[in-house]
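Colleague: Need a 3D model of the following:
(one chain, ligands or ions: 1)
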Amino acid sequence: MKLEQPARAWWKEAAVYQIYPRSFCDSNGDGVGDLPGILQKLDYLQQLGVDVLWLNPVYRSPGVDNGYDISDYRAIDPVFGTMEDFDRLLEEVHRRGMRLVMDLVVNHTSDRHPWFIESRKSVDNPYRDYYIWKPGKDGHEPNNWGACFGGSAWKYDPQTDMYYLHLFSKKQPDLNWDNENVRREIQKIVRFWMDKGVKGFRFDVVNLISKGAFEDDTEGDGRKYYTDGPNIHKYLKELHDMTFGTDTQIVTVGEMSSTSIENCYQYAGRDTGELSMVFSFHHLKVDFMGNEKWVLVPADFQKLKDIIFEWQTKMTEHNAWNAVFWCNHDQPRVVSRFGDEGRYWKQSAKMLGTIIHCLRGTPYVYQGEEIGMTNTDFTDISQFRDVESLNHYRILQEKGLSASDAFRIIQIHSRDNGRTPMQWDGTKYAGFSSEDGKEPWIGVNENHTKINTADQLENEDSIFRYYQKLIAMRKELDVIAYGDIEPLAEGDSSVFAYRRCWKGQELIVTANFYGKEYEWK
Ligand code: GLC
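Modeller: Residues are numbered from 1 along each chain as shown. Alright, predicted model coming up:
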């Protein structure tokens, strides 16, 4: 496929590292990772070679959804430290030539946010319309929409005898983006962090902010009424124009839940004036049944390739930019999911890294991926912490599954698989926190004695050293950031392969996805 010459941008040549602060490094022994902990590890990150650090939310929050329920957008939650800690971290990040990206959650707030506390007081409160309130229908919820974390997306509030919308937990009420005041408030928040020197934003579930008709969904859970909703492009363009669009050094990535590729041409188009790039998730649903995650089905390799190649080629044709990734704080660990935790642990981790880092798009490394961290070894539901997992453990049993069958599903799909403490060394708490400190908020994987950074930094053949090379290669070869992409072996049942070409440079990636010797020409 022949390409239009792509516009150069620093973030197309960059590699991003995602930090889940709660589980990264605990500097004060209270069992929770914190900002000074991140500061201690900046040299490590610099050594890895990444250019950008994305922090999951560290704002003040009751922590019902680990910070995705924000009660103050301009304050640091005390569990993570202070605003002084943040400023120091930012300074040190810049001193090392890296940049910081904040995670902004603007589809919803915490129910403890002052706007919501006001909003629920009375129907004529000035903040009433900051959220989405509807009367019940015949004594029931306003419609049949389901919340992503299980149950109805509506919560009855006796104070005014009405329901409010929450697409996630009931403690995360959805903001009403049709209200101009809400949009202005969000713009002010974005500017606040830009003024501090932050160089980018990851916008949480941002394609859900524009709600359409509040109708019953006869075929599904309602997502068709609010996914890529009617005013989504207008709202993103407005946010762009009023805030980060004035600064070409800012990078933005939208987390796009159940989106369509056609909408992504627009969200992440070269000249569309919305966002720099998008996270789409279709390739991470190949072990679901349709949209249903809480089942056990084997990953469909052909589908995985089809989806990745479709996004690679079509986004390229439309001059739009992908974020490329396997892992984040909402996903199980990729080496356990599509690789091999056992015999080919190291080889499969390197193979998966190669596939992602040579694709067209900006690669994201999620903490611990660079050392091949695996899913949890939890054996009891009491070890899990995630609100989504715990809700679905209950719902699966309400549907008739035995506790052990429900548990097996949680073990495989839980987001907590990606949230156990970062494994720095072989000591009691894996070097995440001091041995005499409080027990970490979530259990450390027993395999930290074998899988840890201390060991891998010393070993030339380690997964860490390999990721380091992949990231360095991106800086040496323009073909990786700018080359066009041609899928190879599309129908092959074992091989993942593609070719990249750019101004006389050619790169061919071939990966045997399975643990059997295989011949391919
Ligand atoms: C996004 C976040 C996830 C969070 C949800 C609700 O998907 O990545 O962790 O629970 O949005 O904010």
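Colleague: Against the ligand, how distant is residue 378?
Modeller: 19 Å (CB to the nearest ligand atom, to the nearest Å). (Glycine included, C-beta is placed from N, CA and C.)
Colleague: Relative to residue 473, how far out is that residue?
Modeller: Between residue 378 and residue 473 the distance, using CB to CB, to the nearest Å, works out to 36 Å.
Colleague: Of those two, which one has the most company?
Modeller: With neighbours defined as other CB atoms under 10 Å, residue 378 and residue 473 compare such that residue 378 has more, 19 against 16.
Colleague: check contacts around the more buried one.
Modeller: If you count contacts by CB atoms under 8 Å, 6 or more residues apart in numbering, residue 378 has them with 384, 411, 416, 443.
Colleague: Helix, strand or coil: sort out it for me.
Modeller: For residue 378, the assignment made with DSSP: H, G, I helix; E, B strand; the rest coil gives coil.
Colleague: pLDDT wise, what is it at?
Modeller: Looking at residue 378, its pLDDT is 98.
Colleague: Residue 183 is in contact with residue 177, isn't it?
Modeller: Yes: Residue 183 sits in contact with residue 177 when judged by CB atoms under 8 Å, with a separation of 6.2 Å.
Colleague: quick one: common contacting residues for those two?
Modeller: residue 235.
Colleague: Which of these two has more residues huddled nearby?
Modeller: Applying other CB under 10 Å to residue 183 and residue 177 shows that residue 177 carries more neighbours, namely 24 against 19.
Colleague: Next, work out how far apart residue 84 and residue 36 are.
Modeller: Distance, residue 84 to residue 36, using CB to CB: 10 Å.
Colleague: what about these two, which has more around it?
Modeller: Of the pair residue 84 and residue 36, residue 36 is the one with more neighbours under other CB under 10 Å, namely 17 against 10.
Colleague: Shouldn't that one be within a helix?
Modeller: Yes: using three-state DSSP, the assignment for residue 36 is a helix.
Colleague: I'd like the distance between it and residue 234.
Modeller: 41 Å.
Colleague: Please apply the same query to residue 145.
Modeller: On the measure of CB to CB, residue 145 and residue 234 end up 23 Å apart.
Colleague: and these two? which has more neighbours close in?
Modeller: residue 145 (23 against 12).
Colleague: Hmm, residue 116 is touching residue 131, no?
Modeller: Yes: Residue 116 is in contact with residue 131 according to CB under 8 Å; the separation is 6.2 Å.
Colleague: Could you name every residue contacting both of the two?
Modeller: Shared contacts of residue 116 and residue 131 (CB under 8 Å, 6+ apart): residue 173.
Colleague: Going along the chain, name the strands of the stretch 201-350 of the chain.
Modeller: Secondary structure of the stretch 201-350 of the chain by DSSP state E, counting those that start in this stretch: the strands cover 251-255, 277-279, 323-324.
Colleague: possible to save these as CSV with mean pLDDT and distance to the ligand?
Modeller: Output for the strands of the stretch 201-350 of the chain, formatted as CSV (pLDDT from 0 to 100; distance: least, CB to the nearest ligand atom, whole Å):
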stretch, mean pLDDT, distance to the ligand
strand 251-255, 98, 6
strand 277-279, 98, 9
strand 323-324, 98, 13
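Colleague: Tabulate those strands (TSV), appending mean neighbour count.
Modeller: What follows is these, written out as TSV (neighbours: other CB atoms under 10 Å):
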stretch	mean neighbour count
strand 251-255	25
strand 277-279	25
strand 323-324	22
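Colleague: Nearest to residue 392, out of these?
Modeller: strand 251-255 (20.2 Å; CB to CB).
Colleague: can you map out the strands along the stretch 351-500 of the chain?
Modeller: Secondary structure of the stretch 351-500 of the chain by DSSP E, counting those that start in this stretch: the strands cover 362-366, 484-488, 495-502.
Colleague: May I have the strands that pair with the second one, each with its orientation?
Modeller: What that stands for is strand 484-488. strand 495-502 (antiparallel) (DSSP bridges).
Colleague: And the pLDDT for the residue in the chain sticking out farthest from the centre?
Modeller: Using CA atoms, centre = their mean, the residue of the chain lying farthest from its centre is residue 138. It sits 38.6 Å away. Residue 138 is assigned a predicted lDDT (pLDDT) of 94.
Colleague: Give me the phi and psi for it.
Modeller: phi 50, psi 50 (degrees, to the nearest 10).
Colleague: Most proximal residue of the stretch 1-150 of the chain with respect to the ligand?
Modeller: residue 68 (3.4 Å; CB to the nearest ligand atom).
Colleague: thought that residue was touching residue 202?
Modeller: No: the pair residue 68 / residue 202 is not scored as a contact, 11.6 Å apart, by CB under 8 Å.
Colleague: give the contact list for the closest residue to residue 125 other than its chain neighbours.
Modeller: Among residues not flanking residue 125 along the chain, residue 118 sits closest, at 5.3 Å (CB to CB, 6 or more residues apart in numbering). Residues in contact with residue 118 (CB under 8 Å, 6+ apart) are 125-128, 130.
Colleague: How much space separates residue 118 from residue 155?
Modeller: The value you get for residue 118 to residue 155, if CB to CB is used, is 17 Å.
Colleague: Report pLDDT for whatever residue of the stretch 401-521 of the chain ends up closest to the ligand.
Modeller: Going by CB to the nearest ligand atom, the ligand is nearest to residue 415 of the stretch 401-521 of the chain, at 6.8 Å. Turning to residue 415, the model gives it a pLDDT of 98.
Colleague: At the contact with the ligand, which residues of this protein appear?
Modeller: 65, 68, 105, 168, 204-205, 255, 329-330 (CB under 6 Å from any ligand atom).
Colleague: try 8 Å
Modeller: The chain has residues 56, 65-66, 68-69, 103, 105, 107-108, 148-149, 167-168, 172, 204-205, 255, 257, 328-330, 387-388, 415 near the ligand, with proximity defined as CB under 8 Å from any ligand atom.
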